[in-house]
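Asks: from the sequence below, what's the structure:
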Amino acid sequence: MSSVTTATPVLQARGLSRQFGHVRALNNVDFEVYPGEVTALIGDNGAGKSTLVKALSGNLAVDEGEIRFDGKPIEMTNPQVASSLGIETVYQDLALAPHLDPVQNMYLGREIRRPGIAGALGFMKTKDMAKASRAAFDELGATVRSLSSPV
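Replies: Residues are numbered from 1 along each chain as shown. So this is what the prediction gives:
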């Protein structure tokens, strides 16, 4: 039972449905998270947990339903939209790219490019990404021996 008193969820999903061929992965699913609340998503294998997380993180379009953020409808069209709202997905270890270091894994697909021509040529703000990664790992209490060695 939550002691949260606010009436507006930070993240709300209403009536989400997703079908893959004849398999209905989500069937009119509702989900909400309130400010300051820690929420767990628990269910049997095949219950649709991963599908829901992918939909809420912009990695998968739904066939029906609505997602709201701070009470306003949003189009969760890609992971960058979710990230801009502060929604990130932490995947299991098996989803890591083992040949990349922790910083590269953390920023995979959303690297911070240098401004101007250097960024257009693919040069990254590696120091900024490493600094932000270290701060995030420290905040989580994660032990990361090296930010520059492959995971």
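
Asks: quick one: secondary structure of the residue lying farthest from the centre of the chain?
Replies: Most distant residue from the mean C-alpha position of the chain: residue 117, 29.6 Å away (CA atoms, centre = their mean). When classified by DSSP: H, G, I helix; E, B strand; the rest coil, residue 117 comes out as helix.

Asks: in the worst-scoring helix or strand of the chain on mean pLDDT, which residues are buried?
Replies: Counting by mean pLDDT, DSSP states H and E, the weakest-scoring helix or strand in the chain turns out to be helix 79-84, with a mean of 89. Using 16 or more other CB atoms under 10 Å as the test for burial, helix 79-84 gives 79, 81, 82. C-beta coordinates here come from the backbone N, C-alpha and C atoms, glycine included.

Asks: kindly report the same for stretch 58-74.
Replies: Result for stretch 58-74 [16+ other CB under 10 Å]: buried residues 58, 60, 62, 65, 67, 68, 69, 74.

Asks: convert it to CSV, retaining C-alpha atoms only.
Replies: C-alpha atoms of stretch 58-74 as CSV (Å, rounded to 0.1, in the frame of the first residue of the first chain):
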residue,chain,number,x,y,z
GLY,A,58,10.2,3.6,-26.6
ASN,A,59,11.7,0.4,-27.9
LEU,A,60,8.4,-1.1,-29.1
ALA,A,61,5.2,0.5,-30.5
VAL,A,62,1.9,-0.7,-29.1
ASP,A,63,-1.2,-1.5,-31.2
GLU,A,64,-3.6,0.2,-28.8
GLY,A,65,-3.5,2.3,-25.6
GLU,A,66,-2.1,5.5,-24.3
ILE,A,67,1.0,6.5,-22.3
ARG,A,68,1.0,9.7,-20.2
PHE,A,69,3.9,11.5,-18.5
ASP,A,70,3.0,13.9,-15.7
GLY,A,71,-0.6,13.6,-16.8
LYS,A,72,0.1,14.6,-20.5
PRO,A,73,-0.2,12.2,-23.4
ILE,A,74,3.1,11.4,-25.0
